[in-house]
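Student: Below are the sequence and a predicted model; questions follow.
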Amino acid sequence: MNREQRGVVKAVSVIAAALWIVLGLRFGWPAWLWLALVAATCVAPWVIFWQYRRWQDRELAAEPPAAEAAEPRERPQAAERSLSGLPMRSAHPDYKFLFSGKVF
């Protein structure tokens, strides 16, 4: 879960907590009920994130380390090629566009 996703989860939990407050005040629920719902709504994302991190850490610890390659790969040799008069499409059918350049 990245920072942006955590921000979205926090914003949704705050909106949901505000909704519990409005509903509790509107319908005359006991204060302990809507306060408990607000607390659960704000704490639940943190508990879920904490459990997800524990599960992810266990998965990473269970994986065996990757074996390294015996020999490092060699860098490919750079090659240069000249292009000239390569026809390309243009926006106007009667305009002939030719491309030229060097490709490495």
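Tutor: Noted; the coordinates are in hand. Since the structure is predicted, the reported quantities are computational estimates derived from the model, not experimental observations.
Student: How is the residue of the chain positioned farthest from its centre assigned, secondary-structure-wise?
Tutor: Within the chain, residue 94 marks the point farthest from the mean C-alpha position, 45.9 Å out by C-alpha atoms, centre = their mean. Three-state call for residue 94 (DSSP: H, G, I helix; E, B strand; the rest coil): coil.
Student: Ok, residue 82 next?
Tutor: Looking at residue 82 with three-state DSSP, the answer is strand.
Student: now the one 3 residues further on
Tutor: Look at residue 85: counting by three-state DSSP, its state is strand.
Student: Find the helix or strand that the residue nearest to it when sequence neighbours are not counted is a member of.
Tutor: Leaving aside its sequence neighbours, residue 85 sits nearest to residue 98 (C-beta to C-beta, 6 or more residues apart in numbering; 5.2 Å). No exception for glycine: its C-beta is placed from N, CA and C like everyone else's. For residue 98, the host element (DSSP states H and E) is strand 97-103.
Student: Neighbouring strands of that strand in the sheet, and parallel or not?
Tutor: As defined by DSSP bridges, the strand partners of strand 97-103 come to strand 81-88 (antiparallel).
Student: What residues of the strand it pairs with count as buried?
Tutor: Buried residues in strand 81-88, counting neighbours by 16 or more other C-beta atoms under 10 Å, are absent.
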